[in-house]
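Chemist: Kindly return the folded structure for what I paste below:
(2 chains)
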Amino acid sequence: MRWSFRPTVLALVLVLVALLGVTMAQDDRLVIVRPSDAISLDPQRATTAPEVWVYNNIYETLVVLDENMEIQPGLATSWERIDEERMRFYLKEGVTFHDGTPFNADAVKFTLERVLNPESPARGASWLGPIVGAEVVDDYTVDIVTDGPLGPLLNHLSMVFVVGIVSPTAVEQYGDEFGRNPVGTGPFKFVEWQTNEYILLERNEAFHGDVPEIQEVEFRVVPEEGARMLSFIRGDADMLLRAAPAELPMIREDPSYKVYDTPGLRIVYIGLNFTQEPTGDPRIRQAIAHAIDVDSINAFVVEDAMEPAKGVLATGVFGYAETDVVERYAYDPERALELFAEAGYEQNAQGQLVDANGEPLRLVQWASVGRDLKDKEVSETVAAQLREIGVTIDYVQREWGAYLSALALEEVDYNMFTMGWVTVTGDADFGLYTNFHQGFGTNRAHYANPEVDALLNEARVNLDPEARLAAYAAAQQQIVEDVVWVPIYQTRETVVVQDWVEGYVPHPAEYYVRLATVTKQ
Amino acid sequence: MTTQPARSSWRNNRTLRRFLRNPAGVIGLTFLVVVVLAAIFAPYLAPFDPYQQHLPDRRAAPGGTYLLGADEFGRDILSRILYGARVALRTGVVSTLIGLVAGAFFGTIAGFIGGWIDDLIMRVMDVLLAFPYLLLAIAIVSALGPSEFNTQLAIAVWTLPSFARLIRGTVLSLREKEYVEAAGALGARSGGILLRHVVPNTFSPLLVYGAVFTARAIMLEAALSFLGLGAQPPIASWGNMISEGRNYLRLAPHIITMPGIALALTVLAVNLLADALRDAFDTRTNGV
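Modeler: Below you'll find the model as predicted:
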């Protein structure tokens, strides 16, 4: 068979050059492996970690919550309070969006209206509380107006997943497709998105701050914990989000990796439903709290990768106050049985808890899969611990997306649910008002205590930090006494990188994977 | 009528002898008997409660207190495999039985009556067969909600057309046999012919097919459980155990290996048995 020599050599050379090109490109590309893909990159529509990890590098906010939980200038260089209901922001000049649109007071007003407009699909309006809008003073001066005073105003404005400033022209141009074509002012701009595979960003050469050294960032999806660990350890990825806790000790000892660790702002808890019997009975709730062995869950299921929770707020949040939750509900199955007995449930000959008619004590437990670290395993262990003392558990487990939509239904039948809440603003308002104020959408325990409502309202409108702290402390103790949640762990934000990655600054809020300062050696 | 039992016992003996000469089949059968006994007597054989967590002993290596090791919750893997055998066999047998009975029913009707009824039934079966089986099962379970019975139902729907086609073919060929024609000529009613002369002769192919599909059903159940569409946790099913062991592949490979071996051996045993049965029953190879 005759074949031509020259074309073959040429092809080989071409392949080699192509391969070389790929490897060279890889050196400038930071690859991050993460468990789940974003739903949308529209900061006013998609608000959970898988989205924010990506787009907090695309969008910016007026003010920024830094890694020490201090408010720093962002797109606003300075601000001053005009009166109780008005704060004036002076904007950075000469900033442009990735599509060339100039950033100015109109863009701020546009973004805020996009959030607050009841017609818009934005999700964050309720999270902004009494913020009612923005008024343009001049091109680079804007007033944020509230209905009554708002204590944590600056913290609220740091939430990139609510008020990340978007390009008005791009929003108009793409409409509903904006979430697939995000345009902000941040250090990286959007390039390409292959659903459930990767999202590619490239550096913004025109960034108004320090232009990143890294050329490109690839957020790759690897859902399986085992596969994610393997792909990182093989060296396919530079950065690993959500490492397997059981493997962390080995990784920490290995000098070829660096582990960034910082106390997080998320509490993962078992919520108890007040409107679904029998968990409406405080004795039942107390008994459940005594029957759950939080310490062994933390030691053996979470593998000490997180901190045992010390309340319904993470300790780093402004407004966190010490309560007696840990001592009050120490693991004590005997005490749990006494409380169940007081509520009318005794163990029968088979060790099952039944009421006077022989009906078993039945609790419906909902468990999420794949959102919080070891969420499924935590739920399964809680179920096993309750079963051990005779509770009949109807265990329902769902993948995260299905779980979240099921929780939002009008009719829910759960007594217990596993959930996490991250107080991203670093201010108790965002952690307490949302979860414990009567009628609030994310108050999934359907908890209603007028005393707590009054305290939370007071803390929200008061501008005096000391008075706010006092109100929050009282509210937290009351919430503990009412047993709304059984807090399991407080996150520790762990990001693992290869030893050649430098300059990463970990942030307590799990959302903020900030890549502008990262370099590859 | 007097020749019937004699002929039958002669056949059974030939078949039995042919079966016993096949060592693979005997090994398969022996192993299956062991699995069935293990499943039945699981509560007496299992050293631990399969649901009892021993958190401090999580991922304990095989040997010592836990013969086959402990899983990520410190539950005894041996006990869970024994209880898992119950789920596997129950699903294998129940789903195959449902599929077999329903398939035999439709197949017999189609083959014996023929005409447009035959066309209608067999086209429906063709449609079912056209679906990739895993997709079909996933679709059915997703629609009905994951539970053990729904899984069995989904698997049964998948086995149904194969049984129907098999029986229809057998019935069609039997219909032309001399003794069937003779029975008709002697004035027997078609219902009687069907029940007395046709249906009994479909038993041997059904037995072989049933054994093969039991093995496949056990595999499919494991696959569905692996995807979270089978028995729900904490029920010990082999597919669940394999699925949960995935995350500890590097750290504690025994969590995934042990139920995997149990599954592989059981399916192998059923397949060996099915092969041996086919050889023993197969009229094409017995030289008659």
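Chemist: Identify the residues contacting the residue in the stretch 1-150 of chain A positioned nearest to chain B.
Modeler: At 11.6 Å from chain B, A:Pro35 is the closest residue in the stretch 1-150 of chain A, using Cβ to the nearest Cβ. Just so you know, the C-beta spots here come from the backbone N, C-alpha and C atoms, and that holds for glycine as well. Residues near A:Pro35 by Cβ atoms under 8 Å, 6 or more residues apart in numbering or on different chains: A:Pro50, A:Val221, A:Val222, A:Pro223, A:Glu225, A:Arg228, A:Leu241, A:Arg242, A:Gly370.
Chemist: hmm, the longest strand anywhere in chain A touching chain B?
Modeler: Longest strand in chain A, counting residues (DSSP state E): strand A:257-272. No. Judged by Cβ under 8 Å from any Cβ of the partner chain, strand A:257-272 stays clear of chain B, getting no closer than 14.6 Å.
Chemist: Which of the residues in the very next helix or strand once past that strand are classified as buried?
Modeler: Proceeding C-terminally, strand A:257-272 gives way to helix A:282-291 as the next helix or strand, assigned by DSSP states H and E. Of all the residues in helix A:282-291, those buried under the rule 16 or more other Cβ atoms under 10 Å in any protein chain shown are A:Arg283, A:Ile284, A:Arg285, A:Gln286, A:Ala287, A:Ile288, A:Ala289, A:His290, A:Ala291.
Chemist: Nearest to chain B among those residues?
Modeler: Among the buried residues of helix A:282-291, and counting by Cβ to the nearest Cβ, the member closest to chain B is A:Ala291, at 13.6 Å.
Chemist: Could you pull up the residues touching the closest one?
Modeler: A:Ala291 neighbours (Cβ under 8 Å, 6+ apart): A:Tyr331, A:Pro333, A:Ala336, A:Gln385, A:Leu386, A:Ile389, A:Val391.
Chemist: Take these and keep only those in helices.
Modeler: A:Pro333, A:Ala336, A:Gln385, A:Leu386 (DSSP state H).
Chemist: From the residues you listed, pick out the ones that also neighbour chain B.
Modeler: With Cβ under 8 Å from any Cβ as the criterion, the members of these in contact with chain B are A:Gln385.
Chemist: need the ones in helices among the contacts of A:Ala291 in TSV with distance to B:Leu129, pLDDT and neighbour count, can you?
Modeler: Compiled in TSV, those are given as follows (distance: Cβ to Cβ, whole Å; pLDDT from 0 to 100; neighbours: other Cβ atoms under 10 Å in any protein chain shown):
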residue	distance to B:Leu129	pLDDT	neighbour count
A:Pro333	54	95	17
A:Ala336	54	95	25
A:Gln385	47	95	23
A:Leu386	46	96	23
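Chemist: The ones in helices among the contacts of A:Ala291 into JSON lines, with extra columns for distance to A:Arg45?
Modeler: Listed next are the ones in helices among the contacts of A:Ala291 as JSON lines, based on distance: Cβ to Cβ, whole Å:
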{"residue": "A:Pro333", "distance to A:Arg45": "45"}
{"residue": "A:Ala336", "distance to A:Arg45": "43"}
{"residue": "A:Gln385", "distance to A:Arg45": "39"}
{"residue": "A:Leu386", "distance to A:Arg45": "38"}
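Chemist: when you scan stretch B:226-246, is anything in it near chain A?
Modeler: Yes. Applying Cβ under 8 Å from any Cβ, one finds stretch B:226-246 in contact with chain A at B:Gly228, B:Gln232, B:Pro233, B:Pro234, B:Arg246.
Chemist: ChimeraX command for the buried members of those residues?
Modeler: Selection of buried members from the residues of stretch B:226-246 next to chain A for ChimeraX, criterion 16+ other Cβ under 10 Å:
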select /B:228,232,233,234
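Chemist: Can you tell me the number of residues neighbouring A:Pro149?
Modeler: Applying other Cβ atoms under 10 Å in any protein chain shown, we find 17 residues neighbouring A:Pro149.
Chemist: Just to be sure, it is in a helix?
Modeler: No. Counting by DSSP: H, G, I helix; E, B strand; the rest coil, A:Pro149 falls outside a helix, being coil.
Chemist: quick one: pLDDT of it?
Modeler: The per-residue pLDDT reported for A:Pro149 equals 90.
Chemist: Relative to B:Arg165, how far out is the nearest residue to it once chain neighbours are set aside?
Modeler: Excluding its sequence neighbours, the residue lying closest to A:Pro149 (Cβ to Cβ, 6 or more residues apart in numbering or on different chains) is A:Glu84, at 4.4 Å. A:Glu84 sits 80 Å away from B:Arg165, going by Cβ to Cβ, to the nearest Å.
Chemist: Neighbour count: the two, which is higher?
Modeler: Taking other Cβ under 10 Å, A:Glu84 and B:Arg165 do not tie; B:Arg165 has more neighbours (20 against 12).
Chemist: Might one say that that one is in contact with B:Val124?
Modeler: No. With contacts counted by Cβ atoms under 8 Å, B:Arg165 stays clear of B:Val124, the gap being 11.5 Å.
Chemist: who's in contact with the residue lying closest to B:Phe163 once chain neighbours are set aside?
Modeler: Spatial nearest neighbour of B:Phe163, chain neighbours left out: B:Gly103 (2.5 Å); criterion: Cβ to Cβ, 6+ apart. Neighbouring residues of B:Gly103 by Cβ under 8 Å, 6+ apart: B:Thr159, B:Leu160, B:Pro161, B:Ser162, B:Phe163, B:Ala164, B:Leu166, B:Ile167.
Chemist: Which of the helices and strands in the chain ranks last by mean pLDDT?
Modeler: Just so you know, I chose chain A. helix A:5-27 (a mean of 53; mean pLDDT, DSSP states H and E).
Chemist: Please identify the buried residues of stretch A:341-360?
Modeler: A:Ala343, A:Gly344, A:Tyr345, A:Gln352, A:Leu353, A:Val354.
Chemist: What of stretch B:14-23?
Modeler: Going by neighbour count (16+ other Cβ under 10 Å), the buried part of stretch B:14-23 is B:Thr15, B:Arg18, B:Phe19, B:Asn22.
Chemist: Relative to A:Pro152, how far out is A:Asp429?
Modeler: For A:Asp429, the distance to A:Pro152 - Cβ to Cβ - is 5 Å.
Chemist: more neighbours, the two?
Modeler: Legend: neighbour count by other Cβ under 10 Å for A:Asp429 and A:Pro152, higher for A:Asp429 (26 against 23).
Chemist: Can you classify the closest residue to A:Pro182 other than its chain neighbours as helix, strand or coil?
Modeler: Leaving aside its chain neighbours, A:Pro182 sits nearest to A:Leu41 (4.0 Å; criterion: Cβ to Cβ, 6+ apart). The three-state label given to A:Leu41 by three-state DSSP is coil.
Chemist: Run through the residues that contact A:Leu41.
Modeler: Going by Cβ under 8 Å, 6+ apart, the list of residues near A:Leu41 reads A:Glu51, A:Val54, A:Tyr55, A:Ile58, A:Gly179, A:Arg180, A:Pro182, A:Phe190, A:Trp193, A:Ile199.
Chemist: Can you name the residue of the stretch 251-400 of chain A nearest chain B?
Modeler: Residue of the stretch 251-400 of chain A nearest chain B, by Cβ to the nearest Cβ: A:Phe300 (3.7 Å).
Chemist: Could I get the phi/psi values of that residue?
Modeler: Main-chain torsions, A:Phe300, degrees, to the nearest 10: phi -110, psi -30.
Chemist: Am I right that it is in contact with B:Gly74?
Modeler: Yes. Using Cβ under 8 Å, A:Phe300 is in contact with B:Gly74, at 7.4 Å.
Chemist: overlap in contacts of the two?
Modeler: B:Leu55, B:Pro56, B:Arg58.
Chemist: From B:Ala85, how far out is the second one?
Modeler: This means B:Pro56. In this view, B:Pro56 and B:Ala85 are 27 Å apart by Cβ to Cβ.
Chemist: Repeat that for A:Thr442.
Modeler: Here the criterion is Cβ to Cβ. By it, A:Thr442 lies 44 Å from B:Ala85.
Chemist: The two: which has the busier surroundings?
Modeler: Neighbours per residue (other Cβ under 10 Å) separate A:Thr442 from B:Ala85, with B:Ala85 holding more: 25 against 16.
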